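**Q** Return atomic coordinates for the entry below.
(one chain, ligands or ions: 1)
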Amino acid sequence: MNPSPQTVVVDGLGLAQEIRKELGETVAAHLAAGRRAPCLAVVLVGDDPASASYIKGKRRACKRIGMESVERTLPGTASQDDILAVVDELNRNDGVDGILVQLPLPEAVSPHAVAEAVLPAKDVDGLHPLNAGHLLHGQPCHVPCTPAGILEILRRFEIPLEGANAVVIGRSAIVGKPVSLLLQQQNATVTMCHSRTRDLAGLCREADILVAAVGVPRLVKGDWVKPGAAVIDVGVTSVAGELVGDVDTEGVQGHAKIVTPHRRGVGPMTITMLLGNTVTAYEDSLA
Ligand code: NAP
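**A** Have a look, this model is predicted:
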């Protein structure tokens, strides 16, 4: 074993702020040219406090880079048709560039039906099947924000992807699958793991890049990490009122080259990619 003596804990917030500054300059240039600001619409159904807090963060992030944001709030009793009617109104609104329907939705509402209702061009969350299909085919599309943020972290830390062994724990449509595709498109050799995977620890020990998107607190131990690996902790779970990641961040110190902390790691990059996708949708609409 030749452990990396110094593990860099990624400052995701600092990185996010750098990118937001660049996005702010792009927006300012459009305004200076006499054009309107890009606009993100967020749909919130019900009164889940975590969702309300995420939406507040998104509103603040839009404002800070000079973007507009609008919100449509529906009660938790709203039907699928009520939600689809709001999405339809936003689809038709030429002043809206991106639409995000905050998850989770009430149990009686199909998240697939809602994702399919959003115009692909305004689907800045990258959840519409058309965008997912384009991603599969390696075509330009709106990429889901958390996977896009992960790739950006790896790019900015100059982590070599070509030929690297990447292990992704988790196979959700929103994180695990798209990040696996993106890593494979960069010529990494990707192993996708899930709850039925045998010898998870052994597979992780082979990983040059390890992405944990599980939701199991501190699943990834220090001795699961290959010396010099890049470790991305996506998980956020509330344990006794405290937020905990999927990675034992202290345990991987001295093993990993870089590790993202569960707070101020991937999260701020996710919101930043949402802003970036909205600016792209806006610029596409000008073309
Ligand atoms: P999800 O849909 O619940 O998927 C979890 C995945 O983990 C599933 O594929 C599941 O396997 C797998 N899994 C569960 N237990 C496992 C175990 N013991 N060993 C190996 N794999 C296991 O979750 P998600 O939406 O992808 O989110 C994952 C985590 O990331 C959550 O904590 C979420 O809060 C967090 N998250 C954070 C951000 C951010 O911006 N920071 C964004 C999105 C999500 P099966 O498929 O076999 O069930």
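
**Q** Provide the backbone phi and psi angles at residue 119.
**A** For residue 119, the backbone dihedrals (degrees, to the nearest 10) come out as phi -60, psi 130.

**Q** actually residue 232, not the one I wrote
**A** phi -110, psi 120.

**Q** Next: residue 40.
**A** The main-chain torsion angles of residue 40 are listed as degrees, to the nearest 10 and equal phi -110, psi 130.

**Q** How confident is the prediction for it, by pLDDT?
**A** As summarised for this prediction, residue 40 has a pLDDT of 98.

**Q** how close does the residue lying closest to residue 138 once chain neighbours are set aside get to residue 258?
**A** Spatial nearest neighbour of residue 138, excluding adjacent residues (Cβ to Cβ, 6 or more residues apart in numbering): residue 185 at 5.6 Å. Heads up, the C-betas are built off the backbone N, CA and C, glycines and all. Shown here: residue 185 relative to residue 258, a distance of 21 Å by Cβ to Cβ, to the nearest Å.

**Q** ok so, going back, could you measure the residue nearest to residue 138 against residue 147, distance?
**A** 11 Å.

**Q** Those two: which has the busier surroundings?
**A** residue 147 (28 against 14; other Cβ atoms under 10 Å).

**Q** and the more buried one, what is it in contact with?
**A** 175, 178, 179, 182 (Cβ atoms under 8 Å, 6 or more residues apart in numbering).

**Q** Checking it next. Helix, strand or coil?
**A** helix (DSSP: H, G, I helix; E, B strand; the rest coil).

**Q** wait, what's in contact with the residue sitting nearest the centre point of the chain?
**A** Centre of the chain computed as the mean C-alpha position; nearest residue by Cα atoms, centre = their mean is residue 146, 1.3 Å away. Residues in contact with residue 146 (Cβ under 8 Å, 6+ apart) are 174, 175, 179, 213, 234, 266, 269, 270, 273.

**Q** how does it look with 10 Å?
**A** If you count contacts by Cβ atoms under 10 Å, 6 or more residues apart in numbering, residue 146 has them with 125-126, 172, 174-176, 178-179, 211, 213, 232, 234, 266-267, 269-271, 273-274.

**Q** same question, residue 215
**A** In this structure, residue 215 makes contact with 170, 172, 175, 234, 235, 236, 237, 244, 245, 246, judged by Cβ under 10 Å, 6+ apart.

**Q** right, and the first one touches residue 210 too?
**A** Translated: residue 170. No. Counting by Cβ atoms under 10 Å, no contact exists between residue 170 and residue 210, whose distance comes to 11.4 Å.

**Q** which residues are common contacts for the two?
**A** residue 193.

**Q** Comparing the two, which residue is more hemmed in?
**A** Neighbour tally, residue 170 and residue 210, criterion other Cβ under 10 Å: the higher count belongs to residue 210, 28 against 23.

**Q** ok, residue 88 - how many residues close by?
**A** Residue crowding around residue 88 was assessed by other Cβ under 10 Å; the count is 13.

**Q** Adjust the sequence numbering to begin at 28 for everything that follows.
**A** Got it, first residue is 28 now, which makes that one residue 115.

**Q** Quick check: it touching residue 141?
**A** No. If you go by Cβ under 10 Å, residue 115 and residue 141 don't touch, sitting 11.2 Å apart.

**Q** buried stuff in the helix or strand containing residue 159?
**A** Element membership of residue 159, judged by DSSP states H and E, is helix 156-163. Within helix 156-163, the residues that qualify as buried by neighbour count (16 or more other Cβ atoms under 10 Å) are 158, 159, 161, 162.

**Q** Same question for stretch 172-191.
**A** 172-181, 186, 188, 191.

**Q** related to what we said a few turns ago, identify the contacts common to residue 212 and residue 174.
**A** Shared contacts of residue 212 and residue 174, defined by Cβ under 10 Å, 6+ apart, comprise residue 162.

**Q** Test my guess that residue 141 contacts residue 117.
**A** No. In this structure, residue 141 is not within contact of residue 117 by Cβ under 10 Å, at 11.8 Å.

**Q** more crowded one of those two?
**A** residue 117 (24 against 20).

**Q** after the strand or helix carrying that one, next one along is what?
**A** Secondary structure assignment for residue 117, by DSSP H and E: helix 107-119. The element immediately downstream of helix 107-119 (helix or strand, assigned by DSSP H and E) is strand 125-128.

**Q** Send over that following strand as PDB, restricted to the C-alpha atoms.
**A** Taking only C-alpha atoms (Å, rounded to 0.1, in the frame of the first residue of the first chain), the coordinates of strand 125-128 have been written out as PDB:
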ATOM      1  CA  GLY A 125     -36.000  26.000 -17.800                       C
ATOM      2  CA  ILE A 126     -38.600  24.000 -15.800                       C
ATOM      3  CA  LEU A 127     -37.800  22.000 -12.700                       C
ATOM      4  CA  VAL A 128     -40.500  20.100 -10.900                       C
END
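
**Q** Cool, thanks, signing off.
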